[in-house]
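K.L.:
Next come a sequence and a model predicted from it.
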Amino acid sequence: MRVKVKLFANFRINRFKQEIREYNSTMTVGAIVEELGIPDSEVGIIFINGRGTSMDQVLREGDTLSLFPLVGGG
Amino acid sequence: MTDKIYRVNMTDLTAKVEDVPDAWAGLGGRGLTSTIVAAEVPPTCHPLGPDNKLVFASGLLSGTVTANSGRLSVGAKSPLTGTIKESNSGGTSSQLLARLGVKALIIEGQPEKDSYYSLHVTETGVTITEEPDMPGKGNFAVVNTMLDRHGEKTGVISIGPAGEMRMAVANISVKDPEGKVRSAGRGGLGAVMGSKKVKCIAINAPKEAAVAIAEPEKFKAAVRTFAKALMEHPVSGQGLPTYGTSVLINVINEAGGLPTRNFRYGQFEGHDKISGEAMHDLIEKRGGKIKHGCHAGCVIQCSQVYNDERGKYKTSGFEYESIWAMGADCCVDNLDQIAEADHIMDDIGIDTIETSVTMGVAMEGGLLPFGDGAGILRILDQDVRNGTPLGRLIGGGAAAVGKAYGVTRVPVVKNQAIPAYDPRAVKGIGITYCTSTMGADHTAGYAVATNILKVGGDVDPLKKEGQVELSRNLQIATAALDTAGLCIFVAFPALDIPEAFTSIVDMINARFGISLTADDVTELGKNILRTEHEFNLAAGFTNKDDRLPEFFSREKLPPHNVVWDFTGEEIDEFWNF
């Protein structure tokens, strides 16, 4: 399964901005977060295909996953 | 010091010091400016005529050691919207006025003579001085002139040439701790100041002047709890200081709600080049400051100092809204050009949101191609600054330019440009745009927090459920925060950490020796909204003005292909409290 993973803010440090990643089995957001070495507690905003979602959501072939720390502005 | 009202009459060039009426004693900031405007300004008056009044008021906690309490509210009837208006700003003036015990500075009337004046506010009152050399000067020159004259610690409030020309996009600038400016940006209040012929206001407080605290020990404890919550919350403690507000460029782009090409699309191809992440890296590379506060006592430090390629100062307080408006909305993906525009707009004294959205509408009308950053810079610096006919047109704001160019996609509510979140993809903020007493204003009830950022709960941004109630609760709470003089970003911890909210109530109580409950504070917020709404109704507005422009219901916004689908009845439920 191929998933586009996009990282933002400090999640990019020592990782990447955007990558197509290959996964053998079905993966949850949480499993990908763990694989990337990002502490759960730091994850603030999760989008799959631009829609807000949660850590236990399962990804599908071709999905785009975007991960942000908890940030804000205005 | 005992609190006083300073009242300046520009018709006969006199100034008075008055006692504070009982009805105003418990108010500050927006609560006070709106109460005074509602009490003293005829709702149907011309905003640029002698009957309008310009009111400055520090927040209830300003001038104390409370973190992030240095916001200054400015109120009047708005020449852009025709509604009541409160616009607030950082800078050093709020704390100086509070320490002087000036609860409000009211400027009324209008001189017959065609000259400009400065006001000097001190512990004894206000001195009015004719300023023959001031007209035409930009804000940076005005600030420097006042600092040379009155000393480095002077607070300065000023207008640039746009305010003198009474442009609807003109703002009011407030000197920050480093001699640059912050702005009470929205609603054309600079034009009201220009119509009073006041070019600038200098404020000096004696060293020993301090705000009296009724219960110092209680106050100190609440101040500590509050500051701790601000530092602990990930948004106010880490996100905002590191990436500034423009960290939102990528967030809102990913969410499909970043208004692009004059509100045609929800995503901008050049988003990463103008993002908070890109700005952070550029500042690191070129020198400057990653974090920076707009007033002493700010612990959030969302501002920054942005240098040009040669490492020379270019702008500060380079915010998400400004970057989005000239960036995505006008399709300019060059952060240096946007920074240059930000600097020019600060100097001329115009609102970055209104002006750049106006440019987007003008681009749609064919004035410039989308993406022409150099063209925007030329129009700002040559036409708007000098008031050429084209500059005057741009200075009229997005709605005026839309009419002039026959454009139907004109993103305004009550003539005020819609800011950086498309209401089709972030429906909660759409309700705020519709119902805010200020015209389209994201700060009035920042539903983006709950719709997108997952702060203070989680409401689906693409659905209608829960949005009216969310916007209502946020607008009530925001009216109260604006009265306390607190930065809007304290809302992030206040929404998530219960002690943060209660500490705000505790601080107000200890400051004044009173015993408000959380419910009283909510009631205060409601009363402010009602007062403002009644002013607008008396000015001729109806519920039919609480609507988004038609194109939001007709045109689907990619990538989610959503439209604005609230009925009028659903929106009108907002006022059911």
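P.N.:
Cool, got the structure. Numbers count the residues shown, from 1 in each chain, chains lettered A, B, ... in the order given.
K.L.:
May I have the phi/psi pair for residue B:314?
P.N.:
phi -120, psi -50 (degrees, to the nearest 10).
K.L.:
Quick check: it touching residue B:307?
P.N.:
Yes. Contact criterion Cβ atoms under 8 Å: residue B:314 and residue B:307 qualify, at 5.8 Å. For the C-beta atoms, the positions are set from N, CA and C on the backbone; glycine is no exception.
K.L.:
what's the neighbour count on whichever residue of the stretch 301-450 of chain B sits closest to chain A?
P.N.:
Chain A sits closest to residue B:320 of the stretch 301-450 of chain B, with a gap of 4.8 Å, by Cβ to the nearest Cβ. Neighbour count of residue B:320, defined by other Cβ atoms under 10 Å in any protein chain shown: 27.
K.L.:
Local confidence estimate at residue A:74?
P.N.:
Predicted confidence (pLDDT) at residue A:74: the value is 72.
K.L.:
ok but it is inside a strand, no?
P.N.:
No. If the criterion is DSSP: H, G, I helix; E, B strand; the rest coil, then residue A:74 is coil and not within a strand.
K.L.:
leaving aside the residues next to it on the chain, what's closest to it?
P.N.:
Here the nearest residue to residue A:74 in space, its sequence neighbours aside, is residue B:446; by Cβ to Cβ, 6 or more residues apart in numbering or on different chains that works out to 5.6 Å.
K.L.:
The one you found: what's it in contact with?
P.N.:
Contacts for residue B:446 (Cβ atoms under 8 Å, 6 or more residues apart in numbering or on different chains) come out as A:74, B:429, B:432, B:474, B:478, B:488, B:491.
K.L.:
does it sit in a helix, a strand or a coil?
P.N.:
Taking three-state DSSP, the label given to residue B:446 is coil.
K.L.:
With residue B:231 instead?
P.N.:
Taking three-state DSSP as the rule, one finds residue B:231 in the helix state.
K.L.:
any idea how far the residue positioned nearest the centre of chain A lies from residue A:30?
P.N.:
By Cα atoms, centre = their mean, the mean C-alpha position of chain A lies nearest to residue A:67, the distance being 4.1 Å. Distance of residue A:67 to residue A:30, computed by Cβ to Cβ, to the nearest Å: 11 Å.
K.L.:
cool, residue B:396 as well?
P.N.:
Taking Cβ to Cβ, one finds residue B:396 at 52 Å from residue A:30.
K.L.:
Tell me which of these two has more neighbours.
P.N.:
Taking other Cβ under 10 Å, residue B:396 and residue A:30 do not tie; residue B:396 has more neighbours (22 against 15).
K.L.:
can you pull out the strands in the stretch 51-200 of chain B?
P.N.:
Secondary structure of the stretch 51-200 of chain B by DSSP state E, counting those that start in this stretch: the strands cover B:54-58, B:72-77, B:84-89, B:102-108, B:117-122, B:125-130, B:155-158, B:172-175, B:181-184, B:198-203.
K.L.:
Need the ones you listed in JSON lines (columns: mean neighbour count, mean pLDDT and distance to chain A).
P.N.:
Output for these, formatted as JSON lines (neighbours: other Cβ atoms under 10 Å in any protein chain shown; pLDDT from 0 to 100; distance: least, Cβ to the nearest Cβ, whole Å):
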{"stretch": "strand B:54-58", "mean neighbour count": "29", "mean pLDDT": "98", "distance to chain A": "22"}
{"stretch": "strand B:72-77", "mean neighbour count": "30", "mean pLDDT": "98", "distance to chain A": "17"}
{"stretch": "strand B:84-89", "mean neighbour count": "28", "mean pLDDT": "98", "distance to chain A": "13"}
{"stretch": "strand B:102-108", "mean neighbour count": "24", "mean pLDDT": "98", "distance to chain A": "27"}
{"stretch": "strand B:117-122", "mean neighbour count": "21", "mean pLDDT": "98", "distance to chain A": "31"}
{"stretch": "strand B:125-130", "mean neighbour count": "15", "mean pLDDT": "98", "distance to chain A": "34"}
{"stretch": "strand B:155-158", "mean neighbour count": "28", "mean pLDDT": "98", "distance to chain A": "23"}
{"stretch": "strand B:172-175", "mean neighbour count": "31", "mean pLDDT": "98", "distance to chain A": "19"}
{"stretch": "strand B:181-184", "mean neighbour count": "28", "mean pLDDT": "96", "distance to chain A": "15"}
{"stretch": "strand B:198-203", "mean neighbour count": "26", "mean pLDDT": "98", "distance to chain A": "27"}
